[in-house]
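Participant: need a structure here:
(2 chains)
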Amino acid sequence: MSAVGTIGRKILYLIPVLFAVTVLTFLLIKLLPGDPAVDILGPGATPAAVQEIHHQLGLDKPLPAQYVHWLGNAVHGNLGQSYQNNQSTVSALRQRLPVTIELIILSQLIAFAIAVPLALVAATKPNGLVDRLATTAAFGFLAIPDFILGVVLVFVFAVHWHVFPATGYTYLTANPVLNLKAMTLPAVTLAMASLAVYFRLLRTDLIATLQQDYIAMARSKGLSTRYIMVRHALRPSSFSLATVSGLQVGALIGGTFITESIFALPGVGSLAVQSIYSRDYLVVQGTVLVIAVGYVGINFVIDLLYTVLDPRIRRAGAIA
Amino acid sequence: MSVRMRAAAAAVVIGLFAGACSGSNSGGGTSSGGSSPAGTPKIGGNLVMGTEAEIDGFDPTSNRWDTTGYMYAWTVYDPLTAYGSDEKVHPYLAQAVTPNAAYTQWTITLRPNITFSNGDPLTGAAVATDLTSIKAAPLTGSIYDDITSITATGPLTLQVNMKTAWVAFPTYLAGQGGAVFDPKMLKDPNRAQHPIGTGPFTLKEWVPGNHFLAVKNPTYWQKGKPYLDSVEYRPIIEEQSRENSLQAGNIQVFHSSDPQATFDLKGKSGINILDETKSSGQQVQDFVMLNTGKAPLNDVTLRQALAYATDQQKIINLINFGLTPASDGPFSNKSSPYYAPTGYPVYNLAKAKQLVQQYEQKHGVSSVSFELGTTNVGRNLQYASLLQDMWKQAGVTVTIKQVEQSQFILNALQGNFQAYTWRQFGDPDPDSEYIWWAASTAKPEGALSLNFARNKDPQIQADLDKGRTDPNQAARVAAYQDVAKRLAVDVPYLWVNEADWQIVSNPKVHGVNTWTLPDGSPGVNHTIGGVFFIDNVWLG
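Facilitator: Below is the predicted model of the structure:
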């Protein structure tokens, strides 16, 4: 099967997954206690007014009909509007997604920029000083929750030294320097857990790869350690890293809920938290849908990346 | 989350109906530090304030203004009346609000030569349209149920006719019910995002969840005001994040209803705290609301037993860091004109046990149990657990149920509860509490009842009617003091403590509690439930 065929097959697999995601997102909100109509109208709502809102939102239809109605609207880019401020959910997401995406990208850049070189050095001399120090630090970062690390960073770098802001956000297009200042502490907070995971994983895989015969062959050819590590060991050791980085997106999105709240960043995470607290059902539903579809999409891309990273998968696909 | 959700249930309700002040109205206010008078106001500067929440919009007819909502609103709108340091309402955008002899007809006269931010003139017809639309709106209409008609009678005058005498009507014009907006807004489907008012600032940019930026209104009618060039509100939901932001210099002031702020920051250099629990006037109350229409709490003996079994000080110490004063009624602040000792039961476990036994004998039961509800917030669960333990010692078994916020309010309205933790009241004029306490608004379980506790006391009804209709202030005070005493006898509410609003700022921020009303008299010397007029604030 050609590469296009492989991709096509993976897309076909994606359809039932996305269907399940939309059904679960739809049902998730249905399972929550409370009535959106009461939230919209307030406690003085008359039964007639409640019925009217139910009708407007399609809540008086059978559940399957409600799902089809909702999905149809969602496909056409209509996720409803916030009853809190009448802003359309799509508009709110459009405003906030760039903040969250920037936060995740920055955090991952930080995580990879530190984890990969550190793992390469540590794996070169397992149980050496660098390896032991880095491993200890990694365990430390894994053990510290985001909300603790964030608060500590704020206390040191914002409250005490006044180097970075404690809260607030400047859009990248408005002022890139202020934007980076505002994003540094949140990105570092979010990066630390990923960094530790990536370091541990890559280090272990590198050590295993270094036991392979072709590495011994490379060494016997007199190639430098650095060259061997970067050109021969890194790529075959990075499959697990690619898999986990995809799966890690879920944890990162969860992390943004906390990080964005601590740093008062106007991203999707804080939108979700605020919407949940204010029972802004349609925004919660839209946000969860976008996050879930995004998560599936990213893992789909990671899945495709395997074929680039590992020729064996390409060949296996071709044989199949 | 630092937001006190047991309060939020009530805060929403107050924002909807009371209208007169704020989402969680309060009074009182002396400075325990900054925000104090410091010379002549300086012109210029940009103020950044951290707020507890984001608002739902600027439409006075459909949006629910809580404390943050009022901060935003009084930035772009003006109220018709406002409170003075004498705790009475004074004309603000109105030049005069005068009743007829029977208080059944009020005439509102507006100040001349005022324009909305779009250049439209402020007229009697515009304000009549505003009040009519507020009365007609499902969300806000109930505050004006006693109004029969609103008519413009001249370019700058309008007349409001009532079903009955209504002495305290002008107090309602100090809140959402008195926010003046250009009637053109009513034709704009997106009016919640596009306010057109006569206020000191005009909206420049609002990115919900990020910031609200308003710039000085160059044609503002109060000459010399506002002092600031611009004001920016940043919703920072987390209490700790607001504190950090102030200390890091990212914001200059924030408001908070969490005693944590005072606990963390009191005594720190470079930080001023305006703490309303140390102020005069009415205070918002934290209490447990009992459903007097439903067994077993329909028996006053058991309700009194619970009052005796509740150790207020222990709750205050463990939940509120010992910072909030204990309460014995809705007007618990001793400097409030409506305060008088109520005779509310003082903690006495032996007495509580005795009353529980008395209840058991009377009803022929061997044990008493009921459900205590609270919202889905960890700190509220702590609070409820503490109450559960206290009442267990008196022989009452309580199961705790955490309820989703909107359902919580709906249950209270429908009487589908036995006991709920709650925060409410504290309006400067007690007439605003009429709908919550009147026997006429108490309905049976299943029917929507604004008297959530369903306490039907004819004496309270008579007192409330007197307070609404009697122009003699001394008689009104006596009537409301009697209401507080009757509530201590009926015990539909287990009073716990006064809620705590604080304005925390750096020392450069002035004018929060020292200002002058348009008629020249001093403005109220405290915030109203965390709300203050931003046009008075200046940076030193």
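Participant: How is the closest residue to chain A within the stretch 251-400 of chain B assigned, secondary-structure-wise?
Facilitator: Nearest residue of the stretch 251-400 of chain B to chain A: B:I251, at 7.6 Å (Cβ to the nearest Cβ). Any C-beta I mention is one placed from the backbone N, CA and C, and that applies to glycine too. With DSSP: H, G, I helix; E, B strand; the rest coil as the basis, B:I251 sits in coil.
Participant: ok, now B:T98?
Facilitator: Quick answer, by three-state DSSP: B:T98 is strand.
Participant: ditto for B:D286
Facilitator: Per three-state DSSP, B:D286 ends up strand.
Participant: Kindly tell me how buried it is, as a neighbour count.
Facilitator: Using other Cβ atoms under 10 Å in any protein chain shown, B:D286 has 27 other residues around it.
Participant: ok, it to B:Q312 distance?
Facilitator: Distance, B:D286 to B:Q312, using Cβ to Cβ, to the nearest Å: 10 Å.
Participant: pretty sure the residue of the stretch 251-400 of chain B closest to chain A contacts B:T51?
Facilitator: No - judged on Cβ atoms under 8 Å, B:I251 makes no contact with B:T51 at a distance of 9.5 Å.
Participant: give me the low-pLDDT residue ranges for chain B?
Facilitator: Scanning chain B with the threshold set as pLDDT under 70 gives B:1-38, B:278-280, B:405-406.
Participant: for it, which helix is longest?
Facilitator: Criterion DSSP state H: the longest helix present in chain B is helix B:473-490.
Participant: before we move on, back to that, for the residue of the stretch 251-400 of chain B closest to chain A, what are its contacts?
Facilitator: A:167, B:48-50, B:234, B:236, B:242, B:245 (Cβ atoms under 8 Å, 6 or more residues apart in numbering or on different chains).
Participant: related to what we said a few turns ago, shared neighbours, B:D286 and B:Q312?
Facilitator: Common contacts of B:D286 and B:Q312, defined by Cβ under 8 Å, 6+ apart, comprise B:327, B:496-497.
Participant: can you list residues touching both of B:I251 and B:T51?
Facilitator: Contacts common to B:I251 and B:T51, judged by Cβ under 8 Å, 6+ apart, are B:234, B:236.
Participant: re earlier: buried ones among the contacts of B:I251?
Facilitator: With burial judged by 16 or more other Cβ atoms under 10 Å in any protein chain shown, the buried subset of those is A:167, B:48-50, B:234, B:236, B:242, B:245.
Participant: Would you map the helices across the stretch 301-450 of chain B?
Facilitator: B:312-319, B:349-363, B:378-393, B:405-414, B:434-437 (DSSP state H, counting those that start in this stretch).
Participant: again with the stretch 101-250 of chain A
Facilitator: Counting by DSSP H, counting those that start in this stretch, the helices of the stretch 101-250 of chain A are A:129-143, A:146-153, A:176-209, A:213-220, A:225-227, A:239-262.
Participant: Quick one: distance of the shortest one to the chain centre.
Facilitator: Going back to what we said before, that points to helix A:225-227. 33 Å (Cα atoms, centre = their mean, to the nearest Å).
Participant: next one: the third one
Facilitator: Between the centre of helix A:176-209 and the centre of its chain there are 13 Å (Cα atoms, centre = their mean).
Participant: And the fourth one, by the same measure?
Facilitator: The chain centre lies 38 Å from the centre of helix A:213-220; the measure is Cα atoms, centre = their mean.
Participant: For it, list every residue counted as buried.
Facilitator: Result for helix A:213-220 [16+ other Cβ under 10 Å]: buried residues A:215, A:218.
Participant: ditto for the first one
Facilitator: Residues of helix A:129-143 classed as buried: A:131, A:134-135, A:138, A:141 (neighbour count, 16+ other Cβ under 10 Å).
Participant: That helix vs helix A:176-209, what angle?
Facilitator: 120 degrees (axes from the mean of the first three to the mean of the last three Cα atoms, to 10 degrees).
Participant: what angle do helix A:129-143 and helix A:146-153 make?
Facilitator: Using the same axes, to 10 degrees, helix A:129-143 lies at 110 degrees relative to helix A:146-153.
Participant: leaving aside the residues next to it on the chain, what's closest to A:Q66?
Facilitator: Leaving out its chain neighbours, the residue that sits closest to A:Q66 by Cβ to Cβ, 6 or more residues apart in numbering or on different chains is A:G58, at 5.4 Å.
Participant: coming back round to it: in JSON lines: the helices of the stretch 301-450 of chain B, plus mean neighbour count and distance to B:R191.
Facilitator: Output for these, formatted as JSON lines (neighbours: other Cβ atoms under 10 Å in any protein chain shown; distance: least, Cβ to Cβ, whole Å):
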{"stretch": "helix B:312-319", "mean neighbour count": "17", "distance to B:R191": "40"}
{"stretch": "helix B:349-363", "mean neighbour count": "16", "distance to B:R191": "53"}
{"stretch": "helix B:378-393", "mean neighbour count": "17", "distance to B:R191": "35"}
{"stretch": "helix B:405-414", "mean neighbour count": "22", "distance to B:R191": "24"}
{"stretch": "helix B:434-437", "mean neighbour count": "23", "distance to B:R191": "27"}
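Participant: Save these as JSON lines, and put in distance to B:V483 too.
Facilitator: Listed next are the helices of the stretch 301-450 of chain B as JSON lines, based on distance: least, Cβ to Cβ, whole Å:
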{"stretch": "helix B:312-319", "distance to B:V483": "21"}
{"stretch": "helix B:349-363", "distance to B:V483": "24"}
{"stretch": "helix B:378-393", "distance to B:V483": "25"}
{"stretch": "helix B:405-414", "distance to B:V483": "20"}
{"stretch": "helix B:434-437", "distance to B:V483": "7"}
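Participant: I'd like these laid out as CSV, including distance to chain A.
Facilitator: Shown next, in CSV, are the helices of the stretch 301-450 of chain B (distance: least, Cβ to the nearest Cβ, whole Å):
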stretch, distance to chain A
helix B:312-319, 20
helix B:349-363, 31
helix B:378-393, 13
helix B:405-414, 4
helix B:434-437, 10
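Participant: count of residues packed around residue 121?
Facilitator: Unless you meant another one, I'm taking chain A. Around A:V121 there are 16 residues (other Cβ under 10 Å).
Participant: ah, no, chain B please
Facilitator: B:P121: 16 neighbours (other Cβ under 10 Å).
Participant: first to last residue in stretch A:80-92, what's the distance?
Facilitator: Stretch A:80-92 has an end-to-end distance of 11 Å (Cα to Cα, to the nearest Å).
Participant: Tell me the buried residues in that stretch?
Facilitator: Neighbour count says stretch A:80-92 has A:80-90, A:92 buried, by 16+ other Cβ under 10 Å.
Participant: likewise stretch B:101-116?
Facilitator: Under 16+ other Cβ under 10 Å, the buried positions of stretch B:101-116 are B:103-111, B:114, B:116.
Participant: and the residues you listed, which of them are in strands?
Facilitator: B:105-110 (DSSP state E).
Participant: Between the residues you listed, which sits nearest chain A?
Facilitator: B:W106 (24.1 Å).
Participant: wait, what's in contact with the closest residue to that closest one other than its chain neighbours?
Facilitator: The spatially closest residue to B:W106, leaving aside those adjacent along the chain, is B:V160, at 4.6 Å (Cβ to Cβ, 6+ apart). Contact analysis of B:V160 by Cβ under 8 Å, 6+ apart lists B:105-108, B:131, B:147, B:149-150, B:169.
Participant: Name the residues that touch the longest helix of chain B?
Facilitator: By Cβ under 8 Å, 6+ apart, helix B:473-490 touches B:167, B:292, B:300, B:303, B:328-331, B:337-340, B:342-345, B:430, B:437, B:455, B:457, B:459-460, B:463-464, B:466-467, B:470, B:493.
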